[in-house]
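[1] Build me a structure from this.
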Amino acid sequence: MGAGLRLEATDEALELLAERTEGNLLAAHQELEKLALLAGGARVNADTVLASVADSARFDVFQLGEAVLAGETERALRVLAGLRAEGTEPTLVLWALTKALRDLWNAITGPPGGKPRAWQRQAVALEKGVRRAPRLSFAALSVRAGRADRMVKGRLLGDAWDEMALLAADICGRSALPAPQSMLK
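    Residues are numbered from 1 along each chain as shown. All right, here's what the predicted structure looks like:
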């Protein structure tokens, strides 16, 4: 922060600030300086952050894959919404979701005692996914991914982004809607 500026904030305010600037360190630095000036030495709370901090988070598809593998539903849906708002191609977003699904499948069906393969950044998230995997229906997840793929390609009516949100929630283990029974046959 600038010379002489000091900021004291509640834990809730700091968590909210981190959420709103995730992946954008320049925005985080600027918002901290702005909050220090606005607070004038007073302690900053969550209401102050909500009132003055813009949502400047920047996401990439790798963060989406990591979030779904880790089972972080809220974060996964926030990343997905951010990618949509930034104009990310739905094909790339679906690739990230299906890659996470394939990595999870390969980790649980691989050789016994074998170490799950994942990019280093996603290794911890994959381990969490492996622990959650017995509760997942990979058949239903594959159906959901296929539906999203057909929607992206315009071969099935519906909103591909909504279907990808359902897929992300399903991979996280928080199914929002069951896959249509006609698709499971």
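[2] buried stuff in the helix or strand Glu15 falls within?
    Following DSSP states H and E, one finds Glu15 within helix 11-20. Residues of helix 11-20 classed as buried by neighbour count (16 or more other C-beta atoms under 10 Å): 13, 16-17, 20. Placement of C-beta: from N, CA and C, glycine included.
[3] pLDDT on the longest helix seen in the chain, on average?
    What stands out as the longest helix in the chain, according to DSSP state H, is helix 90-109. Mean per-residue pLDDT for helix 90-109: 95.
[4] And for that helix, what's in contact with it?
    61-62, 64-66, 68-69, 80, 83-84, 116-118, 122, 126, 129-130, 133, 136, 138, 141-142, 145, 148-149, 152, 160-161, 164, 167-168, 171 (C-beta atoms under 8 Å, 6 or more residues apart in numbering).
[5] mind redoing it with 6 Å?
    With C-beta atoms under 6 Å, 6 or more residues apart in numbering as the test, helix 90-109 has contacts from 61, 64-65, 68-69, 83, 116, 118, 126, 129-130, 133, 141, 145, 148, 152, 160, 164, 167.
[6] Packing partners of the helix or strand that contains Met151?
    Assigned by DSSP H and E, Met151 falls within helix 138-152. The helices and strands touching helix 138-152, judged by 3 or more C-beta pairs under 6 Å, 6 or more residues apart in numbering; DSSP states H and E, are helix 90-109, helix 160-171.
[7] Pull out the buried residues from that helix.
    Under the neighbour-count criterion of 16+ other C-beta under 10 Å, helix 138-152 has 140-149, 151-152 buried.
[8] Distance to Ala42 and pLDDT for these - can I get that in a markdown table?
    A markdown table is the format used below for these (distance: C-beta to C-beta, whole Å; pLDDT from 0 to 100):
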| residue | distance to Ala42 | pLDDT |
| --- | --- | --- |
| Ala140 | 51 | 94 |
| Leu141 | 49 | 96 |
| Ser142 | 53 | 95 |
| Val143 | 53 | 95 |
| Arg144 | 48 | 95 |
| Ala145 | 49 | 97 |
| Gly146 | 54 | 97 |
| Arg147 | 51 | 96 |
| Ala148 | 47 | 97 |
| Asp149 | 52 | 97 |
| Met151 | 49 | 97 |
| Val152 | 49 | 97 |
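[9] Pick the one among these closest to Arg6.
    Among the buried residues of helix 138-152, Ala148 lies closest to Arg6 (C-beta to C-beta), at 48.1 Å.
[10] so who does the closest one touch?
    94, 160, 163-164, 167.
[11] Quickly find the element holding the closest residue in space to Gln63 that isn't next to it in sequence.
    Of all residues not flanking Gln63 in the chain, Val79 sits nearest, at 5.1 Å (C-beta to C-beta, 6 or more residues apart in numbering). In this assignment (DSSP H and E), Val79 forms part of helix 73-85.
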